[in-house]
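J.: sharing a model prediction with you, sequence too.
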Amino acid sequence: MDLNERLAAGGRTYHFGGDYDPTFRGVVDAFIENYAIEEEIGSATALMIDGRKVVDVWGGFRDAGFQQSWQAETIVCMMSVAKGVSGIAFNILIDRGLVDPEQPVARYWPEFAQNGKEGLLVRHVLDHTAGLPVVLEPLWRGAIFDCDAIVGALERQAPIWEPGTTAAYHIHTQGNILGEIVRRVTGKRYPQFIADELVAPLSLDYRIGGLTERDIDRCAELVPTVEGTLFARKDAEPDSLLARGFLQHPDEPIGVTLNSKGWRQSEIASANGHGTARSVATIYGAIARGGSLGGVAIMQPESVARMITEQHNQTEQMQQRPYHQGLGILLNTEQSVWMGPNPRSFGHHGFGGSIGMGDPDAKLGFSYACNKMHARPDNGPRARRIIEAAYRQI
C-alpha cells in the first residue's frame, strides 16, 4: 500500500511517503509517531521479513532549515551503522577462506608486526580488543580524511594494553585496520570491496565515502546534538581516551565536519557510510536468512553463525558501555543497543540514533536512519518504538 500522509506537529507539517504491507501498518504508525513526540527532522525506515520488503517509508525534511523534503532517494550518513556493514563485508573474506580470524594480522600485513603487535589476531580487531582504539602518533587536525596516514600510524603504534584482554570501542580505527587487511588480501580498497561484494550483488544504494556531486545533492544534512553526548565529553575531558579518539578530526564544530565534502568523500569505513534505510535493511535481511537473498549468496549459513557467536560481553573502555560482541557486529545489548526481544539479534547502531539489525529466528532485516542526532548514549526511543511495533506484527 502506498503511503501519502501528513502530520502537523510543532508548528510544521511533515509529509510521509513510501509503501508498506497493510499487515505492518503499526510499524508505519510508530514511525510517524516519532514526529509527534520526539525531536525528529527527517528519517526513513525499512523492514524485511524472510526476504520480502514489508515496510519502506520516509518522511520529514533532509535539512536543518526544514525546507527540503526527504525523498525516496535521499541518503544519509548513519555513522557507526557503517561498522556493521563493513564487518559483514569483512566476514565475506572469512567465509571464502581468504582470512582466518585466528591468525595474526601480520600474516596478511607483515609491516603491522611492530611494537608488540606480532601476535595481535584478526579477531581482536573484529571484537574491539586490539588495544588500538585511538591513534597516539601526533598527526594534523583533519588527518581523519587521510586513511593511509592513519593506517601508517597504526602500523607503527604499540597497543595500549595486551591485545585480546580489554575491550575499547575502536571508533574510527577498526575500519582502518580491517580495510588494510582487505587491501592486502584482495588488492581493493575497503569501499570498493564493499561495493563489489555487497552493494552491487544486492542492488543497494549505499557507499563508504566516495560520494559524487549528485550524491551530495541528495544527501541529508546531519544535525548533531552536542550537549549530553560524547562530543561534549571529549571537550570536557581532553585527556580521556574518548577525546584522543577525535584528535585527527578538523578543529571545527562537529556539525561542519560531518556535513563536509571531506567527510562524505573520504574512506572512513567505521563511520561515514551513506545510504538508504532500505539498503541497510536489505543487507541484514539477507544475513538473517543465512546469508542469501533473491538468489544472491553473500556468505554461507555457517559463516553467519560464526559471525554472530559471542566473543565477549565486556564494558568497553571508550564510553564505559556494556556490549555483547560478535565478529565485526554487535549482539543484542539492552543497555546500549536494543535490537528486539530475541537475544540472538545482531547488527550495529550509529551515534545519534540510526541502526541496522537482523534477527535470524524471525528472518528479519531492519533499519532506521535519521538526520537529527539525539543526546543519548544508547540507541534511544525512536528506533525502539518502530522495532517494538514490528515485533507485535510478526
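T.: Structure's in. What do you need?
J.: give me the distance between Tyr391 and Glu33.
T.: 16 Å (CB to CB, to the nearest Å). (Glycine included, C-beta is placed from N, CA and C.)
J.: hey, where'd the helices end up in the stretch 251-394 of the chain?
T.: For the stretch 251-394 of the chain, the helices defined by DSSP state H, counting those that start in this stretch occupy 254-258, 261-265, 277-288, 301-307, 381-393.
J.: switch these over to JSON lines; also include mean neighbour count.
T.: Formatted as JSON lines, those follow (neighbours: other CB atoms under 10 Å):
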{"stretch": "helix 254-258", "mean neighbour count": "18"}
{"stretch": "helix 261-265", "mean neighbour count": "18"}
{"stretch": "helix 277-288", "mean neighbour count": "28"}
{"stretch": "helix 301-307", "mean neighbour count": "17"}
{"stretch": "helix 381-393", "mean neighbour count": "20"}
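J.: nearest to Phe366, out of these?
T.: Of all the helices of the stretch 251-394 of the chain, helix 277-288 sits nearest to Phe366, with 5.5 Å by CB to CB.
J.: in the protein, what secondary structure element scores lowest on mean pLDDT?
T.: helix 230-236 (a mean of 64; mean pLDDT, DSSP states H and E).
J.: among the helices of the stretch 251-394 of the chain, which is nearest Trp109?
T.: With CB to CB, the closest approach to Trp109 among those belongs to helix 301-307: 21.3 Å.
J.: give me the buried positions along stretch 12-21.
T.: Residues Tyr14, His15, Phe16, Gly17, Gly18, Tyr20, Asp21 are the ones in stretch 12-21 that count as buried (16 or more other CB atoms under 10 Å).
J.: middle-most residue in the protein, spatially?
T.: Nearest to the geometric centre of the chain sits Val81, at 1.1 Å (CA atoms, centre = their mean).
J.: ok, that residue to Ala269 distance?
T.: The spacing between Val81 and Ala269, counted by CB to CB, is 12 Å.
J.: picking up where we left off before, what about the closest residue to the residue nearest to the centre of the chain other than its chain neighbours, distance to Asp378?
T.: Nearest non-adjacent residue to Val81, counting by CB to CB, 6 or more residues apart in numbering: Gly350, 4.0 Å away. Using CB to CB, Gly350 is found at 12 Å from Asp378.
J.: hang on, the earlier thing: per-residue pLDDT, the residue nearest to the centre of the chain?
T.: pLDDT for Val81: 98.
J.: ok, it - contacts?
T.: Gly273, Val280, His348, His349, Gly350, Ser354, Ile355, Gly356, Ser367, Ala369 (CB atoms under 8 Å, 6 or more residues apart in numbering).
J.: among these, who's most crowded?
T.: Using other CB atoms under 10 Å as the neighbour test, the contacts of Val81 are led by Gly356, with 36 neighbours.
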